[in-house]
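**Student:** structure for this input, please:
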Amino acid sequence: MAKFINPSGLKSIGKNLFTQTSASGDAVLGTPGLEGFGTISQGFVEISNVDIVEELIEMIVAQRAYETNSRSVRTADEMLNRAINLGR
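**Tutor:** Sure, this is the predicted structure:
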């Protein structure tokens, strides 16, 4: 198992994978369960680090922003059509 002096300096490369950077420092290797290293448990699933309530709120906010922008574009389109029709 490995740990880093500055874990927040690791670079995320997606799918819960990280890579070492100069900010994280070199990996310190050790035995799981000893000297402050974590443990590895076979047959278990990692607990999600996502707050589902917070994510749902963010999704609602994004949906409302999308709806507002959609209405703005629709209104601008209607105004442009009216301006074009005035000249006819």
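
**Student:** for the rest of this, base every contact and every neighbour count on C-alpha atoms.
**Tutor:** Will do.

**Student:** and stretch 6-21, what's buried?
**Tutor:** 9-10, 20 (16 or more other CA atoms under 10 Å).

**Student:** who touches that stretch?
**Tutor:** With CA atoms under 8 Å, 6 or more residues apart in numbering as the test, stretch 6-21 has contacts from 22-27.

**Student:** now which of those would you call buried?
**Tutor:** Buried by 16+ other CA under 10 Å: residue 24, out of those.

**Student:** separation between residue 80 and residue 73?
**Tutor:** From residue 80 across to residue 73, the span is 10 Å (CA to CA, to the nearest Å).

**Student:** which strands and helices sit next to the helix or strand of the chain with the lowest mean pLDDT?
**Tutor:** Ranking every helix and strand in the chain by mean pLDDT, DSSP states H and E puts strand 2-3 at the bottom, with a mean of 90. For strand 2-3, the elements it packs on are strand 28-29, judged by 3 or more CA pairs under 8 Å, 6 or more residues apart in numbering; DSSP states H and E.

**Student:** show me where the protein has its helices.
**Tutor:** Secondary structure of the chain (DSSP state H): helices at 52-86.

**Student:** remind me which residues of the chain are low pLDDT?
**Tutor:** Counting by pLDDT under 70, the chain has no low-confidence residues at all.

**Student:** so of the buried residues of stretch 6-21, which ones are in strands?
**Tutor:** Secondary structure of these is defined by DSSP state E; no position falls in strands.

**Student:** in JSON lines, list those residues along with distance to residue 57.
**Tutor:** Below are those laid out as JSON lines (distance: CA to CA, whole Å):
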{"residue": "9", "distance to residue 57": "28"}
{"residue": "10", "distance to residue 57": "28"}
{"residue": "20", "distance to residue 57": "33"}
